[in-house]
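K.L.:
this is the structure alone, sequence omitted:
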């Protein structure tokens, strides 16, 4: 399942970053649970795209690596995808190098859980002048 689970996650990410959240549903279970940074709960890829549309003018992921955790079975695998985000803030200011880590649980070929962490909130604090520049890289 290692290659299979990795391919599922990477194709899901490719499609949702188009963004085409409706097509991304083909890779997820109807019982999918999504948790974004800040413990934001979602259930459907369309909610991810709507959240991103409110936070960014546009955003894409640059994959650095995708790892399947040791101990996967033909039934279940845990997959991590890490890299950086790039795009534009709502005001059109470009950004890049925004680190992210996504964790997926793939069961019987479908994503049932997705956890997302990234530096966007900290970068927003910096842009708002609510933290010192030396604390966060722009």
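P.N.:
Everything's here; your move. Predicted model, so just to flag it, every value in this text is computed and none were measured.

K.L.:
confirm that residue 121 sits in a strand.
P.N.:
No. Judged by DSSP: H, G, I helix; E, B strand; the rest coil, residue 121 forms no part of a strand; its state is helix.

K.L.:
what's the separation between it and residue 22?
P.N.:
28 Å (CB to CB, to the nearest Å). From N, CA and C alone the C-beta is placed, and that goes for glycine too.

K.L.:
how distant is the lengthiest helix in the chain from the center of its chain?
P.N.:
Looking across the chain with DSSP state H, the single longest helix is helix 2-16. Distance of helix 2-16 from the chain centroid (CA atoms, centre = their mean, to the nearest Å) equals 12 Å.

K.L.:
if you count contacts, what does that helix end up packed against?
P.N.:
The contact analysis (3 or more CB pairs under 8 Å, 6 or more residues apart in numbering; DSSP states H and E) places helix 2-16 against helix 21-24, helix 45-55, strand 58-68, strand 76-88, strand 94-107, strand 110-118.

K.L.:
residues near the spatially closest residue to residue 107 that is not a sequence neighbour, how many?
P.N.:
Computed as CB to CB, 6 or more residues apart in numbering, the closest residue to residue 107 that is not its neighbour in sequence is residue 76, at 5.0 Å. Residues near residue 76, counting by other CB atoms under 10 Å, number 14.

K.L.:
could you do the one 3 residues further on as well?
P.N.:
Other residues near residue 79 come to 24 when the count uses other CB under 10 Å.

K.L.:
repeat that for the one 5 residues further on.
P.N.:
By the other CB under 10 Å criterion, the neighbourhood of residue 84 contains 17 residues.

K.L.:
how far away is it from residue 109?
P.N.:
28 Å.

K.L.:
equivalent analysis for residue 64, please.
P.N.:
According to CB to CB, residue 64 and residue 109 sit 25 Å apart.

K.L.:
now residue 48
P.N.:
From residue 48 over to residue 109 (counting by CB to CB), the distance is 20 Å.

K.L.:
these two: which has the busier surroundings?
P.N.:
residue 48 (20 against 14).

K.L.:
before I go, just wanted to say thanks for your time.
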